[in-house]
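Asker: need coordinates for the below:
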Amino acid sequence: MSIGLSDGVHLGVLHSRIFFVWFQANASTLEDRPRFIKASCFDPFPFPAADDLQKQRIRVPAEKLDAHRKRVLAEHAHLTLTGLYNVLEKLRAGTAPDALDAADRRIFDDGLVLILKEYHDELDTAVAAAYGWPADLSDNDILARLVALNQERVKEEAAGQVRWLRPDYQIPRFGGAKDKLALTGGAMNQIATAEPTGPKPGFPTKELEQTAAVLSMLASAGEPLGATALAVRFKQGRRVLPQIEAVLAALVRVGGLVHSPDGGRSFLIRRAA
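Answerer: Here you go, the predicted model:
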């Protein structure tokens, strides 16, 4: 199964315990294994209506999780995702690392499974917070809340409010006339191609919030932006240029941004392969 979403936020939500509870309740079976069915497992799943900071708190461990798995699999030919997660499940079930057999202990050591577990624990906490729910809900409570949220979203969509995950792809194919007009020539297009008017947001003082603000501004711009173009979109203007340059440099280092195709000093949010 391939899901065409590029943002680490979606990766994080789909790797969370909350989604796993939904998946288990809605999957079919193949022999003795659950089987992912898009129409029941993905399409009706209600993603959280997260704000920029909540998204960033999901995005960071999600990107680290993705990088960690790719790195250990590339470094050790004997490792597989199935093997890593089989060992992770044994740890979650209460097996101590010293109680693992020789084969699982090798996977545990080479795959740095405790780090894998830390990223998943961080994701579970961040995703629950994005929903506004406690992190320690039971599986039954999670499922009940997801079903209730799904019904709320059904009512929203009946009233014309659709929470598109990929508006540039989905609206031309499935959107109504109002959505298509906004995407191609209406207000949405005007916002994307012009510098925002009205009161400018303040640039945050905390690093995590700064990263979320820069990513949000890049996502809403709809075009590559450099440090100066970003700075003038905030209330403080060029005074926050050094902080924005530092955020951009950090995002490029971890692969969250790429330079624009023209080779200039402007940036685009990285799209996952």
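
Asker: and after the helix or strand of the chain with the lowest mean pLDDT, which helix or strand comes next?
Answerer: Among the helices and strands of the chain, helix 187-193 carries the lowest confidence by mean pLDDT, DSSP states H and E, at a mean of 39. Using DSSP states H and E, the next helix or strand after helix 187-193 towards the C-terminus is helix 207-221.

Asker: packing partners of that next one?
Answerer: helix 52-75, helix 187-193, helix 227-231, helix 241-253, strand 266-269 (3 or more Cβ pairs under 8 Å, 6 or more residues apart in numbering; DSSP states H and E). (Glycine included, C-beta is placed from N, CA and C.)

Asker: give me that answer again for 10 Å
Answerer: helix 52-75, helix 187-193, strand 225-226, helix 227-231, helix 241-253, strand 257-259, strand 266-269 (3 or more Cβ pairs under 10 Å, 6 or more residues apart in numbering; DSSP states H and E).

Asker: give me every residue that touches the closest residue to residue 150 other than its chain neighbours.
Answerer: Distances taken as Cβ to Cβ, 6 or more residues apart in numbering place residue 46 nearest to residue 150, at 5.0 Å, with adjacent residues excluded. For residue 46, the contact set (Cβ atoms under 10 Å, 6 or more residues apart in numbering) comprises 18, 22, 131, 145-154, 156, 163.

Asker: of these - the most surrounded one?
Answerer: For those, neighbours were counted using other Cβ atoms under 10 Å, and residue 18 has the most, 26 neighbours in all.

Asker: tell me which element it falls in.
Answerer: Using DSSP H and E, residue 18 falls within helix 17-26.

Asker: and that helix, which residues are buried?
Answerer: 17-23, 25-26 (16 or more other Cβ atoms under 10 Å).
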